[in-house]
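> Just to be clear, the model below is a prediction. Sequence and coordinates:
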Amino acid sequence: MVRGILQRVKSRIRVDAEFPARYKVQASSVIGPLSSMLGPSGRITLASLKWYFQESDRADFIEYAQNPLLVGSALNAESISSANHPDDDTGANTNSDKLNKTQIVNLDDQISKKSGPGTSLPYAIYPLMKRTNSESNDDRFSIGRIKGNDMIMKDMAISKRHAIIRIIKGSFYIEDCGSTNGTRLNGQTVKREPVRLSDKDIIQLGNYKFTFLTPASLHDFLSSA
């Protein structure tokens with residue numbers, strides 16, 4: 001029965017004629033099975049990934065995920081096994097939209113464990129995929145705290161337009177957009193010049209860290225949990 005449900009879900013979310021016509025050419029790079037499962041912030045829930053992981057083999061999982069993902073620093077073997085972690089993806093409904101000034105933070109500080117707008121960010125998973133209703137350019141993913149970005153991170157340490165991940169000849173590059181608290185790649189400051197991303201790179205946006213994982217590495221990561 002579960003297999004039957006899985007096949008219907010895979011069939012429903014597969015890239016086909018139901019997707020907007022403008023995505024036809026680049027469907028393999030920015031629109032795919034995960035697109036219809038993204039929340040308003042551009043995130044996918046860990047529960048959704050775990051369910052598909054448990055019901056598919058490695059090859060199907062890699063095809064399903066399609067593109068790399070940004071995985072929050074708090075996701076580890078212990079937290080993946082737990083059902084209790086913040087999973088807020090209210091995206092556009094945030095007071096961060098109304099506040100103009102980004103808060104300056106000490107990038108070497110530990111992330112606060114107190115509740116607040118960014119509580120769930122260490123547990124967030126952002127696939128490098130577009131939502132099916134996205135109107136942004138097909139060759140880039142914008143990151144920032146306000147609506148209109150592909151990846152919305154609603155925390156005042158994140159600038160309105162913080163960084164961009166670009167697709168250049170099939171590879172992914174990151175650049176900073178002049179953000180207040182900056183962007184780092186493996187501890188090195190990223191400026192406006194695009195820097196190529198590699199599997200398992202650590203991206204720091206403000207004081208939030210994410211691991212850049214290919215679908216294969218994500219599958220191995222889930223396997224080890």
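Noted; the coordinates are in hand.
> Neighbours of Ser134, how many?
Using other Cβ atoms under 10 Å, Ser134 has 18 other residues around it. Where C-beta positions appear, they are placed from N, C-alpha and C, glycine not excepted.
> Next: Gln103.
So Gln103, with other Cβ under 10 Å, has 12 neighbours.
> show me where pLDDT drops low in the chain?
1-29, 77-102, 104-118 (pLDDT under 70).
> What ranges does this structure have for its helices?
For the chain, the helices defined by DSSP state H cover 2-13, 27-30, 46-55, 58-65, 77-81, 215-224.
> helices and strands around the third one, which ones?
Pointing back at helix 46-55 there. The elements that helix 46-55 packs onto, with contact taken as 3 or more Cβ pairs under 8 Å, 6 or more residues apart in numbering; DSSP states H and E, are helix 2-13, helix 58-65, helix 215-224.
> CA atoms only for that helix - export them in CSV, please.
C-alpha atoms of helix 46-55 as CSV (Å, rounded to 0.1, in the frame of the first residue of the first chain):
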residue,chain,number,x,y,z
LEU,A,46,12.9,16.9,7.3
ALA,A,47,9.9,14.7,7.7
SER,A,48,9.3,14.8,3.9
LEU,A,49,12.9,13.9,3.1
LYS,A,50,13.0,11.1,5.7
TRP,A,51,9.8,9.6,4.4
TYR,A,52,11.1,9.5,0.8
PHE,A,53,14.5,8.3,2.0
GLN,A,54,12.8,5.4,3.8
GLU,A,55,10.6,4.4,0.8
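> ok and it relative to helix 58-65, angle-wise?
Interaxial angle, helix 46-55 versus helix 58-65 (axes from the mean of the first three to the mean of the last three Cα atoms, to 10 degrees): 150 degrees.
> Buried residues, helix 46-55. List them.
By neighbour count on 16 or more other Cβ atoms under 10 Å, the buried set for helix 46-55 is Leu46, Ser48, Leu49, Tyr52, Phe53, Glu55.
> tell me which of these is nearest to Val195?
Each of the buried residues of helix 46-55 was scored against Val195 by Cβ to Cβ, and Leu49 proved nearest at 26.8 Å.
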